[in-house]
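J.: could you work out the structure for the sequence below:
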Amino acid sequence: MRYEVRVIGSAGQGSILAAVVLATAAAEEGLWATQTAAYGAAMRSGTSLGDVVISDQQIDFPQATELDAVIIQSQEAYDEMVKGKPIRLDPECSEGSADILANVKPGALVIVDEDLVQCDLDCNLYRVVSAPIARTAAEVLGRRQVMNIVALGVFQVATSLQFDGKPLISEESFLKAIEKSVPKRFIDLNKTAFQEGVKIGKAALERV
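T.: Residues are numbered from 1 along each chain as shown. Take a look at the predicted model:
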């Protein structure tokens, strides 16, 4: 099994930290994982992304090339992922009228923030899960900065769509990864953010 994930967003949304937590969680689960990152040219603008490769065997090539899942945190990030110009149409579940994502496999899991990302992805081409990620971080937790960890909670639940009803990585492994990956004073906040993400992820799957 080789499973490739990209977390992509605008600068400051914590995409790379989310990828670090994801890779650490995979290791906690007993899997192999690599994590790579790319930054925009400007420190405070542009997109940044973190790629994670997860496998049940040693990983011979650490770069992600055919994504099995992508977490998209902003419109800017979505537009960067689209092959060609986004069309902004109301899709009717047909490949010919939908945006196609670069380096993302057909059937891949695509998680988007329902408030921040307008997309026209073919519902037959991808498994799209849309959830109020940033809104949950801001309104429930009072810290929009933890939207990246909320997104990981949604991801944790949503991978059950690809693995016969069982998530790829357990909640427990993610919580252990958070303990190892964030400053001590923010551990409890980020654990709560992850758990809130799990809640809205379960609600989102009921709509898929």
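
J.: so which elements touch the helix ranked longest in the chain?
T.: In the chain, taking DSSP state H as the definition, the longest helix is helix 187-205. Counting contacts by 3 or more Cβ pairs under 8 Å, 6 or more residues apart in numbering; DSSP states H and E, helix 187-205 is packed against strand 127-131, helix 133-139, helix 147-158, helix 171-181. C-betas here are computed from N, CA, C, even on glycine.

J.: and N148, how close does it get to P62?
T.: 22 Å (Cβ to Cβ, to the nearest Å).

J.: which one's more surrounded, those two?
T.: More crowded of N148 and P62, by other Cβ atoms under 10 Å: N148, with 26 against 12.

J.: for the more buried one, give its distance to I111.
T.: N148 is 12 Å from I111, where distance means Cβ to Cβ.

J.: ok so, going back, pick the most buried one from the helices and strands packed on helix 187-205.
T.: Neighbour counts (mean count of other Cβ atoms under 10 Å) averaged over each of the helices and strands packed on helix 187-205 peak at helix 147-158, with a mean of 28.

J.: compute the inter-axis angle for the longest helix of the chain and helix 171-181.
T.: Here the directions of helix 187-205 and helix 171-181 differ by 140 degrees (axes from the mean of the first three to the mean of the last three Cα atoms, to 10 degrees).

J.: now helix 187-205: buried residues?
T.: Across helix 187-205, burial judged by 16 or more other Cβ atoms under 10 Å covers 189-194, 196-201, 204-205.

J.: distance from the chain centre to the helix or strand where V5 lies, please.
T.: V5 belongs to strand 2-10 when assigned by DSSP states H and E. In terms of Cα atoms, centre = their mean, to the nearest Å, the centre of strand 2-10 is found 6 Å from the chain centre.

J.: and for stretch 177-191?
T.: Counting by Cα atoms, centre = their mean, stretch 177-191 comes out at 18 Å from the chain centroid.

J.: over to stretch 200-208?
T.: 15 Å.

J.: switch to numbering from 40
T.: That works, and once the first residue is 40, the last one we named lands at stretch 239-247.

J.: so which residue is smack in the middle of the protein?
T.: Residue closest to the average C-alpha location in the chain (Cα atoms, centre = their mean): I110, at 2.5 Å.

J.: state the distance from it to G204.
T.: According to Cβ to Cβ, I110 stands 21 Å off from G204.

J.: then V156?
T.: Per Cβ to Cβ, V156 is found 26 Å from G204.

J.: how about L106?
T.: Look at L106 and G204: by Cβ to Cβ, they are 22 Å apart.

J.: ditto for A64
T.: Distance, A64 to G204, using Cβ to Cβ: 19 Å.

J.: hmm, back to that, want to throw the helices and strands packed on helix 226-244 into a markdown table with distance to K122 and mean pLDDT?
T.: Below are those laid out as a markdown table (distance: least, Cβ to Cβ, whole Å; pLDDT from 0 to 100):
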| stretch | distance to K122 | mean pLDDT |
| --- | --- | --- |
| strand 166-170 | 16 | 94 |
| helix 172-178 | 24 | 96 |
| helix 186-197 | 23 | 97 |
| helix 210-220 | 31 | 97 |
